[in-house]
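> Predicted model and sequence follow; I will ask about them next.
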Amino acid sequence: MGTTDSVEKPIIFFDGICNLCNASVQFIIKRDKQEKFLFSSLQSMRARKLLPSEFVELNNYQSLILKKGRDIKTKSSAALTISKHLGGFWPALYFFMIIPKFLRDFVYDVIASNRYKWFGRKDECMIPSPELRARFID
């Protein structure tokens, strides 16, 4: 990791071979004008070092994970918390946090368990462009 500032930035962990996940990362990058977030694939060594083992063992990459310090949000809570910090009208989606987590996560799990079938997958994790490289941690 780079500077002390980057240590304090929230990190979004995502399934690096999932087309939907990669599209979501690109979506976030375009709307994160203040560069609040860093990114790392769940397959990375950084994920193994920074996340509890249940998120990275057994290749179980079923959740988007947002980590800031010791705080870890997963699934719909991670997605909605991220939306709160994006430009445009996206922060309005945070309103859906009023829906009970088990209902939000049910919808999330249906999409997550079908993401490869519906959106496809890559053979390896995406490689960020040189301009975006500083926002990705290994």
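That came through, no problem.
> ranges for the strands of the protein?
Remark: strands assigned in the chain by DSSP state E are 11-14, 38-41, 65-68, 71-74.
> Number of residues surrounding the closest residue to Ala79 other than its chain neighbours?
Take Ala79 and drop its neighbours on the chain: the residue closest to it by CB to CB, 6 or more residues apart in numbering is Leu64, 5.8 Å away. All C-beta atoms are positioned from the backbone trio N, CA, C, and that covers glycine. Neighbours of Leu64 under the rule other CB atoms under 10 Å: 25.
> Phi, psi for Leu64 please.
The phi and psi values for Leu64, taken as degrees, to the nearest 10, are phi -70, psi 140.
> quick one: Lys9 from Ile82, how far?
Computed as CB to CB, to the nearest Å, the Lys9 to Ile82 distance reads 12 Å.
> I meant Arg115, not that one.
Distance from Arg115 to Ile82, by CB to CB: 17 Å.
> Likewise for Val56?
Following CB to CB, the distance that separates Val56 from Ile82 is 20 Å.
> These two: who's more crowded?
Ile82 (24 against 20).
> The more buried one contacts Leu66, correct?
Yes: counting by CB atoms under 8 Å, Ile82 does reach Leu66; the two are 6.0 Å apart.
> Could you tell me how far stretch 69-89 lies from the centre of the chain?
9 Å (CA atoms, centre = their mean, to the nearest Å).
> The protein: helices as residue ranges?
For the chain, the helices defined by DSSP state H occupy 4-8, 19-31, 45-50, 75-84, 101-119.
> Of all these, which one comes closest to Ile137?
helix 45-50 (5.1 Å; CB to CB).
> List the buried residues for that closest one?
By neighbour count on 16 or more other CB atoms under 10 Å, the buried set for helix 45-50 is Arg46, Ala47, Leu50.
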